[in-house]
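Visitor: have a look at this fold, sequence not included:
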């Protein structure tokens with residue numbers, strides 16, 4: 001049976017009344033054309049039997065990767081602050097956020113996309129104004145930074161924009177996201193601690209920081225504890241504020257429950273242990289679940305925030321290659337694994353084993 005003849009640009013142009021150049025650019029998902037023109041061309045092309053050529057798509061992707069500096073289109077990076085000063089100050093204050101942002105820009109440019117940063121205001125009017133400006137300037141997509149609060153909803157009209165975000169805080173619009181594999185990071189860290197002889201393992205968090213990952217830190221430690229004897233299950237510690245009242249509550253919790261290892265993304269808990277008279281790692285081990293070189297020499301999980309930045313760009317580029325815009329029917333989540341970093345906040349497996357033998361002998 002003979003294969004059907006491919007639909008030509010000339011045939012689509014004749015049927016729609018647009019030029020072959022316009023048809024070609026729309027089929028390649030290039031910017032600079034109205035939503036009405038794009039819809040008319042794509043609808044007619046599909047009616048005529050046009051389908052993307054997968055071999056040609058792979059070839060064009062190779063050309064784009066080979067010519068990294070060639071400009072293709074613009075992607076917006078939206079920060080959740082009311083003005084430019086707010087997000088610029090945040091980038092100076094939080095090194096992991098800064099590295100992730102820099103990687104979005106660098107990696108996007110390596111694929112031929114210019115990334116520009118904007119403040120995303122919370123009101124519907126501000127969202128509509130930003131979306132309108134992006135379309136007028138020919139932007140093809142937007143990456144939303146993670147908002148400050150879990151469950152954040154924006155009335156942002158995506159329509160003909162591809163979109164992605166980080167982590168779990170942005171509940172609407174529903175978009176694809178790239179984030180850390182927090183559950184398996186914490187479970188892996190707890191099992192590493194157990195393999196070194198730690199038994200009374202728990203987590204300590206500022207309540208908002210624990211909620212920002214959809215409570216996955218808590219889920220992991222509860223699963224780990226469910227596999228341990230009841231006497232080794234230490235309640236988790238949550239505090240609303242990392243202030244003096246928070247420290248006093250933490251000291252009471254530590255004295256009462258006697259954990260021998262604590263995991264957290266808040267490095268202040270290591271400082272609070274030492275302030276309360278517990279040596280690290282002499283008395284209590286500490287794992288930083290968001291390890292970074294700026295925090296010091298604790299053992300912990302490097303979340304590899306730069307890879308989160310790359311993944312959100314890949315999500316956008318993938319949508320553009322499939323000609324997908326607006327809110328997806330089924331949002332996808334790309335999970336980035338963590339990388340274990342050895343430091344000075346845990347005893348070595350050998351010394352931990354000796355300490356446990358002495359403890360058992362004393363009992």
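Guide: Structure's in. What do you need? Since the model is a prediction, treat every value here as computed from it, not as a measurement.

Visitor: strand partners (parallel or antiparallel) of the helix or strand hosting residue 116?
Guide: Using DSSP states H and E, residue 116 sits in strand 113-119. Using DSSP bridges, the strands paired with strand 113-119 are strand 73-79 (parallel).

Visitor: pull out the buried positions in the next helix or strand after the partner strand.
Guide: Sequence-wise, the next helix or strand downstream of strand 73-79 (DSSP H and E) is helix 84-93. Buried positions in helix 84-93, judged by neighbour count with 16 or more other C-beta atoms under 10 Å: 87, 90-91. No exception for glycine: its C-beta is placed from N, CA and C like everyone else's.

Visitor: which stretches of the stretch 251-363 of the chain form helices?
Guide: 268-275, 305-321, 349-362 (DSSP state H, counting those that start in this stretch).

Visitor: which stretch in those is the model least sure about?
Guide: Here the lowest mean pLDDT among the helices of the stretch 251-363 of the chain goes to helix 349-362, at a mean of 49.

Visitor: nearest spatial neighbour of residue 295, chain-adjacent residues omitted?
Guide: In this structure, residue 295 finds its nearest non-sequential neighbour in residue 267, 4.8 Å apart by C-beta to C-beta, 6 or more residues apart in numbering.

Visitor: tell me, how many residues neighbour that neighbour?
Guide: 19 (other C-beta atoms under 10 Å).

Visitor: surely it meets residue 297?
Guide: No: shown here, residue 267 and residue 297 do not form a contact pair, counting by C-beta atoms under 8 Å, at 11.0 Å.

Visitor: please enumerate the strands of this structure.
Guide: 73-79, 113-119, 139-144, 152-153, 162-166, 170-172, 176-180, 201-206, 237-239, 261-264, 285-288, 299-302, 333-336, 339-341 (DSSP state E).

Visitor: got those as a markdown table, with mean pLDDT columns?
Guide: Formatted as a markdown table, those follow (pLDDT from 0 to 100):
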| stretch | mean pLDDT |
| --- | --- |
| strand 73-79 | 95 |
| strand 113-119 | 94 |
| strand 139-144 | 96 |
| strand 152-153 | 94 |
| strand 162-166 | 96 |
| strand 170-172 | 93 |
| strand 176-180 | 96 |
| strand 201-206 | 98 |
| strand 237-239 | 98 |
| strand 261-264 | 98 |
| strand 285-288 | 98 |
| strand 299-302 | 97 |
| strand 333-336 | 97 |
| strand 339-341 | 97 |
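
Visitor: about what we covered before: who touches the residue nearest to residue 295 in this structure?
Guide: 288, 295-296, 298 (C-beta atoms under 8 Å, 6 or more residues apart in numbering).

Visitor: and which of the residues you listed is nearest residue 273?
Guide: Residue 273 lies nearest to residue 298 out of the contacts of residue 267, by C-beta to C-beta, at 11.2 Å.

Visitor: hmm, residue 343 and the closest one touching each other?
Guide: Yes: in this structure, residue 298 is within contact of residue 343 by C-beta under 8 Å, at 4.6 Å.

Visitor: which neighbours do those two share?
Guide: 288, 291.

Visitor: who has more neighbours, these two?
Guide: Between residue 298 and residue 343, residue 298 has the larger neighbour count (other C-beta under 10 Å), namely 22 against 17.

Visitor: separation between residue 187 and residue 217?
Guide: With distances taken as C-beta to C-beta, to the nearest Å, residue 187 is found 10 Å from residue 217.

Visitor: more neighbours: which of these two?
Guide: residue 217 (26 against 18).

Visitor: any idea how far the residue nearest to that one when sequence neighbours are not counted lies from residue 216?
Guide: Leaving out its chain neighbours, the residue that sits closest to residue 217 by C-beta to C-beta, 6+ apart is residue 186, at 5.1 Å. To residue 216, residue 186 is 7 Å away according to C-beta to C-beta.

Visitor: please say which of the two ends up with more neighbours.
Guide: residue 186 (26 against 20).

Visitor: residue 263 is in contact with that one, correct?
Guide: Yes: if you go by C-beta under 8 Å, residue 186 and residue 263 touch, sitting 6.5 Å apart.

Visitor: which residues do the two both contact?
Guide: By C-beta under 8 Å, 6+ apart, the residues touching both residue 186 and residue 263 are 203, 217, 221, 289.

Visitor: quick one: which of these is most hemmed in?
Guide: For the shared contacts of residue 186 and residue 263, the largest number of neighbours (other C-beta under 10 Å) sits with residue 203, at 28 neighbours.

Visitor: beta-bridge partners for that residue, please?
Guide: Beta-bridge partners of residue 203, as defined by DSSP bridges: residue 263.

Visitor: that one and residue 93: what is the separation?
Guide: Separation of residue 203 from residue 93 (C-beta to C-beta) stands at 24 Å.

Visitor: same check, this time on residue 305
Guide: From residue 305 to residue 93 the distance is 15 Å (C-beta to C-beta).

Visitor: in this protein, what spans have low per-residue confidence?
Guide: Across the chain, residues meeting the criterion (pLDDT under 70) sit at 1-5, 29-32, 51-71, 82-85, 350-363.

Visitor: quick one on the thing from earlier: which among the contacts of residue 267 count as buried?
Guide: Here, 16+ other C-beta under 10 Å leaves 288, 295, 298 buried among the contacts of residue 267.

Visitor: so can I have TSV of these showing distance to residue 319?
Guide: Output for those, formatted as TSV (distance: C-beta to C-beta, whole Å):
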residue	distance to residue 319
288	34
295	35
298	38
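
Visitor: ok, residue 36 - how many residues close by?
Guide: For residue 36, the tally of surrounding residues (other C-beta under 10 Å) stands at 8.

Visitor: brilliant, that's me finished.
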